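Peer 1: Prediction below, plus the sequence it came from.
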Amino acid sequence: EQLLHNKQTECVFMWTNSSGDPIGVVMNYVEKDGAFWLTCTRRRKRVAALEKRPRASIAVSSRGTEIGMSQAVTYRGDVKIYDDQTTSDWFYRALAEKVRPDSKSQQDAFVEHLDTPGRVVIELIPDPDGRIGFDSEQMFANSPAGRSSHNN
C-alpha cells in the first residue's frame, strides 16, 4: 500500500455539499505519517463545505502508475484546514517533489505557482476503521476469469 502512495500522484477527494450530495474531484496529494494532504484555493466550495462538515474521503487507484495490477484504496476521516505559512512551506515542497520528480527548477516553479494568497492546505486524518482496500491480483488469483490484461 505504501508503494501505491509513493507512486501515485492523484486521488479522488470526496465530501458532501449542504444538500447532502456527494461530490468528488481529482486532486494531487501527498501521504505523510498516515494522513493525506491536498491543496486548493479558499474560494473553492469544498473549503466552505469542509469547514461546516469536516469529514471527507479519498480514493487512490494504481491506474496510470507502473505498479501493474489494479489496486485501489479508499479512506474516510476527519479533515483539518490550514492556512499558515509553516504548513504551506513543507507541503508545497513535498507536493512539488512528488509531481515534478525529475526537475528541481520545475519543482521551484511549482512551489511558486502554489504559494499564492488565499490558498489552503487540507489534511485528511483517516479513521482507524476507515479504510477499504481492493487488490484485483489477489481477488482473481484462483479465478477462471484470470488476471487483468491491462498493465495498469
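Peer 2: On my side now, so go ahead.
Peer 1: longest strand anywhere in the chain?
Peer 2: Longest strand in the chain by number of residues (criterion: DSSP state E): strand 119-135.
Peer 1: Please enumerate residues in contact with stretch 40-60?
Peer 2: Applying CB atoms under 8 Å, 6 or more residues apart in numbering, the contact partners of stretch 40-60 are 4-5, 8, 10-18, 23-25, 27, 29, 36, 38, 72-81, 83, 116, 118-120, 122, 124, 130. All C-beta spots, glycine's among them, are computed from the backbone N, C-alpha and C.
Peer 1: what about it, how long is it end to end?
Peer 2: From its first residue to its last, stretch 40-60 covers 18 Å (CA to CA, to the nearest Å).
Peer 1: Just the buried positions in it, please.
Peer 2: 40, 46, 47, 49, 50, 54, 56, 57, 58, 59, 60 (16 or more other CB atoms under 10 Å).
Peer 1: ok, back up a step: buried among the contacts of stretch 40-60? Need that as a selection in PyMOL.
Peer 2: Typed into PyMOL, the line below selects the buried ones among the contacts of stretch 40-60, using 16+ other CB under 10 Å:
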select buried, resi 4+5+8+10+11+12+13+14+15+27+29+36+38+72+73+74+75+76+77+79+81+119+120+122+124
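Peer 1: Mind checking which of the contacts of stretch 40-60 are in helices?
Peer 2: Applying DSSP state H to these, the entries found in helices are 4, 5.
Peer 1: ok, back up a step: for the longest strand of the chain, name the packing helices and strands.
Peer 2: Here strand 119-135 is seen to pack against strand 35-41, helix 45-52, strand 55-61, strand 71-82, helix 85-99 when contacts are counted using 3 or more CB pairs under 8 Å, 6 or more residues apart in numbering; DSSP states H and E.
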